[in-house]
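# Mind looking at a prediction? Sequence and model below.
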Amino acid sequence: MALRSVSRRLGSRILNHRSFVASIHSHATSFGFQEVKEEEKSKLVGNVFTNVASSYDIMNDVMSGGLHRLWKERLVGKLSPFAGMKHLDVAGGTGDVAFRIYDAVYSVKRRALQKVDEVSLEETQIYVCDINPNMLNVGKQRAAERGLRDNKSLVWVEGDAEALSFDDNSMDGYTIAFGIRNVTHIEKALAEAYRVLKRGGRFLCLELSHVEIPIFKNLYDLYSFQVIPNLGELIAGDRESYQYLVESVRRFPPQERFASMIADAGFEKVEYENLVGGVVAIHSAIKL
Amino acid sequence: MYRTAAKRLLAGGGFTTTRLLRFPKLRSTIIPSSYTSGLCTSSIGGNTESPMDNQSVNPNQSGPTVSSSTGTGEGQRRHESRKPRAEFQEEQARVLSASLRHVPRLGWTEEAMMAGSRDVGVSPSIVGSFSRKEAALVEFFMDECLQLLMDRIDSGLDLQNLIPSERIAKLIRIRLEMQVPYMSKWPQALSIQAHPLNVPTSFKQRAMLVDEIWHAVGDGASDLDWYVKRTILGGVYSTTEIYMLTDDSLEHRDTWAFLDDRVKDAFDLKKSIQEAKYFAEDIGAGVGKSVQGLMNGVMQTMSRRSGGSAF
């Protein structure tokens, strides 16, 4: 513990200078404020999510004060799902976003207002991809609770965001909510997203991001580093994982930089929207 | 207004493509797009000036604003983002244009736009990225009609032999006839345009239309009269448009008769305002004289009473 805090202090000073260079040129990457080998990162992340899987949803509610639901609603609203769409939700383990999309497409109210034919409704496919089988199991359980266990529209797939098993130009939509900062090579994940999307397909990323407002930033930092790890220990019994979480948020590129990374992957009309002053940002783009 | 003047100056054949691309950009002056948030505001303000400068250069005018707000300061990316941004606008225009074919059947709705996107070969997801979706379709149509009207005017419409009121009637008729294929769904379009979010854009489009028509009629006034003229013409156009919604006479004969009457009224209105002004002046003069006479009488009486005193 002491060693870790020492390395963190030393590391953060060096890392701040080398932060982006480190992730592109050397084969070291960040795990929170630690510097780790790339191969190790996915293992470490895997451990984190295996540990938190069962209390993931409760912790989300507690940490964000229930706001995460509103953020995901906003994400799905921006997506404007339609009947017959093929959608891929990456790092969507417990299915929050996927269920919302499913509801949006199948909602009776919506069907009454619009002319939707049953055939295209049947063709809707929502793929939920996650690298961690524990998270997928939680998701499948939740699906069963909603009566969607055998529903053909929801497909649970185990896979890596950097090496998706889907065909080129096969998806109408791609979302990744609170997942991309855990990926070792963000550029690869973006490139894969570009590959699987059809022409006209949309990329949407919901992620914790950087706050720039002066006083609010301090409050947010205080909350992140003092309150959240304690909550993690209290509720999930795992301080380390939540320490990793808040650190990984700080290491993630800020909004503009991430937007330019998305543009580099080939996407167009790259935009972002800050929610809660920058605590969360939704980046959206289109493949053309 | 300045744009129409500039257009006349630069008029000629070769600018039709740049014109078409200019209109999507016009929309973007009103719709705040990229990088919205409570705090970071979009730097789209520069758009309004650039049309005149960039007109003859190349179609990719919307680039500079976007790349500056993409600003990581990387110069080379600026050139690359210029093309892609224009490509999205083109793609959007193509999808909307294809969607118009489906409007009579599906209305001014997302379904029509999704059908249009399938026609073009693009995933229907792209519709989700259009700002204010149905409004985008309606506004696109309005811009297209205005463009067609301007083309008709430029390609030699015989207006010289007509008196102003007849010219106006003819131009309005041409413009309204473009809406005939969509007449069954036009009330929906009007309600979309009346929606508070969409009012700024639709108002601006109508203002441009009215300005174009007056310009073609040959009006050069630039004083207070200018506003009055445009307002009146706007009124004539709107009332005729609404009348047309419920008109099922053959070839909309009743609508054109209604239009002629309204235009005549508008011109008569001008005369009546003049007459009213003179009438008021006369009355004013008459009243003034009688008040003056009264005052004189009072003064005289007072002086007589005081018996030629100290004055």
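All right, it came through fine. Only a predicted model underlies this, so the values are computations on that prediction, with no experimental measurement involved.
# Could you check how far whichever residue of the stretch 1-150 of chain A sits closest to chain B is from A:A285?
Across the stretch 1-150 of chain A, no residue is closer to chain B than A:S80, which sits at 3.4 Å (CB to the nearest CB). The C-beta positions use only the backbone N, C-alpha and C, and glycine is treated the same way. Taking CB to CB, to the nearest Å as the measure, A:S80 falls 15 Å from A:A285.
# Please say which of those two ends up with more neighbours.
A:A285 (27 against 19; other CB atoms under 10 Å in any protein chain shown).
# check which helix or strand covers that one.
strand A:280-286 (DSSP states H and E).
# What pairs with that strand, parallel or antiparallel?
Partner strands for strand A:280-286, per DSSP bridges, with pairing direction: strand A:197-208 (antiparallel), strand A:268-275 (antiparallel).
# just to revisit the earlier point, could you pull up phi and psi at the residue of the stretch 1-150 of chain A closest to chain B?
Phi and psi for A:S80, reported as degrees, to the nearest 10, are phi 50, psi 70.
# Please verify my assumption that it contacts B:G128.
Yes. The criterion here is CB atoms under 8 Å, and A:S80 meets it with B:G128 at 3.4 Å.
# mind listing the helices in the stretch 151-288 of chain A by residue range?
A:186-196, A:214-222, A:228-231, A:239-251, A:255-264 (DSSP state H, counting those that start in this stretch).
# for the shortest one, which positions count as buried?
Yep, that's helix A:228-231 we're talking about. A:I228, A:P229 (16 or more other CB atoms under 10 Å in any protein chain shown).
# What helices and strands are in contact with that helix?
helix A:56-64, helix A:239-251 (3 or more CB pairs under 8 Å, 6 or more residues apart in numbering or on different chains; DSSP states H and E).
# Please compute how far the following helix or strand past the shortest one lies from its chain's middle.
The one in question is helix A:56-64. Per DSSP H and E, helix A:56-64 leads on to helix A:67-79 as the next helix or strand towards the C-terminus. In terms of CA atoms, centre = their mean, to the nearest Å, the centre of helix A:67-79 is found 12 Å from the chain centre.
# Going by neighbour count, list what's buried in helix A:67-79.
A:H68, A:W71, A:K72, A:L75, A:V76, A:K78, A:L79.
# Who are the contact partners of the last one?
This points to A:L79. A:H87, A:I101, A:G173, A:T175, A:R202, A:L204, B:S125, B:G128 (CB atoms under 8 Å, 6 or more residues apart in numbering or on different chains).
# where does chain A come near chain B, residue by residue?
Residues of chain A lying close to chain B (CB under 8 Å from any CB of the partner chain) are A:78-80, A:82, A:85, A:114-115, A:172-173, A:197-202, A:212-213, A:256-257, A:259-260, A:263, A:268-275, A:277-278, A:284, A:286, A:288.
# Go ahead and build a ChimeraX selection from the buried members of the residues you listed.
With 16+ other CB under 10 Å as the criterion, this ChimeraX line picks the buried residues out of the residues of chain A next to chain B:
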select /A:78,79,80,82,85,172,173,197,198,199,200,201,202,256,259,260,263,268,269,270,271,272,273,274,275,278,284,286,288
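# can you list the weak-confidence ranges in the stretch 51-200 of chain A?
A:108-120 (pLDDT under 70).
# Could I get the full set of strands for it?
A:86-90, A:125-130, A:154-158, A:171-177, A:197-208 (DSSP state E, counting those that start in this stretch).
# what's the strand or helix carrying B:D261 packed up against?
Using DSSP H and E, B:D261 maps to helix B:253-305. Where contact means 3+ CB pairs under 8 Å, 6+ apart, helix B:253-305 is packed against helix B:164-177, helix B:224-245.
# Most tightly packed of the ones you listed?
helix B:164-177 (a mean of 19; mean count of other CB atoms under 10 Å in any protein chain shown).
# Just the residues contacting that helix, thanks.
B:145, B:149, B:152-153, B:157, B:159, B:162, B:209, B:213, B:216-218, B:233, B:236-237, B:240-241, B:244, B:252, B:255-256, B:259-260, B:263-264, B:266-267.
# likewise stretch B:245-254?
B:E177, B:V180, B:M183, B:W186, B:P187, B:Y243, B:M244, B:T255.
# Columns pLDDT on top of those, output as JSON lines?
Below are the contacts of stretch B:245-254 laid out as JSON lines (pLDDT from 0 to 100):
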{"residue": "B:E177", "pLDDT": "93"}
{"residue": "B:V180", "pLDDT": "92"}
{"residue": "B:M183", "pLDDT": "91"}
{"residue": "B:W186", "pLDDT": "94"}
{"residue": "B:P187", "pLDDT": "94"}
{"residue": "B:Y243", "pLDDT": "93"}
{"residue": "B:M244", "pLDDT": "92"}
{"residue": "B:T255", "pLDDT": "92"}
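# from those residues, which two are the most distant?
For these, the farthest-apart pair by CB to CB is B:E177 and B:P187; their separation is 17.7 Å.
# Name the residues of stretch A:181-194 that come out as buried.
By 16+ other CB under 10 Å, the buried positions in stretch A:181-194 come out as A:R181, A:N182, A:V183, A:T184, A:H185, A:I186, A:A189, A:L190, A:E192, A:A193, A:Y194.
# gap between the two ends of stretch A:240-260?
32 Å (CA to CA, to the nearest Å).
# model confidence over it, on average?
Stretch A:240-260 shows a mean pLDDT of 90.
# Show me which residues of it are buried.
So stretch A:240-260, judged by 16+ other CB under 10 Å, has buried residues A:240-253, A:255-256, A:258-260.
# on that earlier part again, and which of the contacts of A:L79 is nearest to A:N134?
A:T175 (20.8 Å).
# What number of residues are in the vicinity of the closest one?
30.
# Contact partners for it?
By CB under 8 Å, 6+ apart, the neighbours of A:T175 are A:L75, A:L79, A:H87, A:L88, A:D89, A:V90, A:G92, A:V97, A:I101, A:L204, A:C205, A:L206.
# hang on, the fourth one packs against A:Y174?
Same thing as A:L88. Yes. A:L88 is within contact range of A:Y174, at 5.0 Å (criterion: CB under 8 Å).
# anything in contact with each of these two?
Common neighbours of A:L88 and A:Y174 (CB under 8 Å, 6+ apart) are A:V196.
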